[in-house]
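In: sequence and predicted model, in that order:
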Amino acid sequence: MAKRRTASESTEGPSFEQSLEELESIISRVESGDVGLEKSIDEYERGVALIKRCRAVLERAEQRIQQLSLEELEAGSGSSPTDAPDDEGGDEESPF
């Protein structure tokens, strides 16, 4: 069973949106040429770290969605035999 993250674990560091906003700001500054070479390198390093953070957040979100989907499928497959359609007799067609 997958370990669920607590609120404090999921909020460590900047949020996905904050990271993305900062990354966009870095890109704008570097592309505009407003910063020197050394500062551009520092900005690049920060950008790489932000990209890694965003990817990690997206990966965790994708894993969580997959887990929720799996749980939903497992919950839906727990039907009882009386819930199964009766193939013998009946003239009614199932809407599904």
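Out: That came through, no problem.
In: got any ranges where the protein has weak pLDDT?
Out: Flagging of the chain using pLDDT under 70 yields the residue ranges 1-11, 78-96.
In: mind doing that once more with 80?
Out: Within the chain, the stretches with pLDDT under 80 are 1-12, 77-96.
In: which parts of it are strands?
Out: For the chain, no strands are identified by DSSP state E.
In: neighbours around the nearest residue to Ser40 once chain neighbours are set aside, how many?
Out: Nearest residue to Ser40, sequence neighbours excluded (C-beta to C-beta, 6 or more residues apart in numbering): Val30, at 5.2 Å. Glycine gets a C-beta too; all of them are placed from N, C-alpha and C. By other C-beta atoms under 10 Å, 16 other residues sit near Val30.
In: now do Cys54
Out: Quick note: Cys54 (other C-beta under 10 Å) scores 16 neighbours.
In: residues contacting it?
Out: By C-beta atoms under 8 Å, 6 or more residues apart in numbering, the contact list for Cys54 reads 16, 19-20, 23.
In: biggest helix in this protein by residues?
Out: In the chain, ranked by residue count with DSSP state H as the criterion, the top helix is helix 37-76.
In: check which residues of stretch 21-29 are buried.
Out: Neighbour counts over stretch 21-29 (16 or more other C-beta atoms under 10 Å) mark 22-23, 26 as buried.
In: who touches it?
Out: By C-beta under 8 Å, 6+ apart, stretch 21-29 touches 14, 35, 43-44, 46-47, 50-51, 54.
In: got the CA coordinates for it in PDB?
Out: The C-alpha coordinates for stretch 21-29 follow below in PDB (Å, rounded to 0.1, in the frame of the first residue of the first chain):
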ATOM      1  CA  GLU A  21       6.200  31.600 -11.800                       C
ATOM      2  CA  GLU A  22       9.700  32.000 -10.600                       C
ATOM      3  CA  LEU A  23      11.000  29.900 -13.500                       C
ATOM      4  CA  GLU A  24       9.100  32.100 -16.000                       C
ATOM      5  CA  SER A  25      10.600  35.200 -14.300                       C
ATOM      6  CA  ILE A  26      14.100  33.700 -14.600                       C
ATOM      7  CA  ILE A  27      13.600  32.900 -18.200                       C
ATOM      8  CA  SER A  28      12.400  36.500 -18.900                       C
ATOM      9  CA  ARG A  29      15.500  38.000 -17.100                       C
END
